[in-house]
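1. Sharing a model that was predicted from the sequence below.
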Amino acid sequence: MTRFMDVHHGMEGLTADGLKQAHQADLAIEKDEGVHFEKAWADPASGTVYCLSEGPSADAVQRVHERAGHPADEIHPVPLTV
């Protein structure tokens, strides 16, 4: 499995509750694609959201986000961590 960092733009004004709801929507269906969403961060002022996940492919990550109603604008593999 590969780790991915994805980026969502255009989510200005997102609240902590809104971020939690979006993350929960991903968690509810992630197993359908063999993905696990680990964590999400947001900057409500810029409207940028970041999600860290692990899964078989960027396409699988995107399918979960699309079904949850918030497709990612960018998905980057992050195979190295320290």
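-> Nice, I can see it. Predicted model, so just to flag it, every value in this text is computed and none were measured.
2. so how far is T81 from the most centrally placed residue in the chain?
-> Centre of the chain computed as the mean C-alpha position; nearest residue by Cα atoms, centre = their mean is C51, 3.7 Å away. Using Cβ to Cβ, to the nearest Å, C51 is found at 16 Å from T81. For glycine as for every other residue, the C-beta is placed from the backbone atoms N, C-alpha and C.
3. longest helix of this structure?
-> With DSSP state H applied, the helix covering the greatest number of residues in the chain is identified as helix 16-29.
4. Next secondary structure after that one?
-> The helix or strand immediately downstream of helix 16-29 is strand 36-43, counting by DSSP states H and E.
5. Which secondary structure elements does that following strand sit against?
-> Under the contact criterion of 3 or more Cβ pairs under 8 Å, 6 or more residues apart in numbering; DSSP states H and E, the helices and strands touching strand 36-43 comprise helix 16-29, strand 48-55.
6. Going by neighbour count, which residues of the longest helix of the chain are buried?
-> L19, A22, H23, A25, D26 (16 or more other Cβ atoms under 10 Å).
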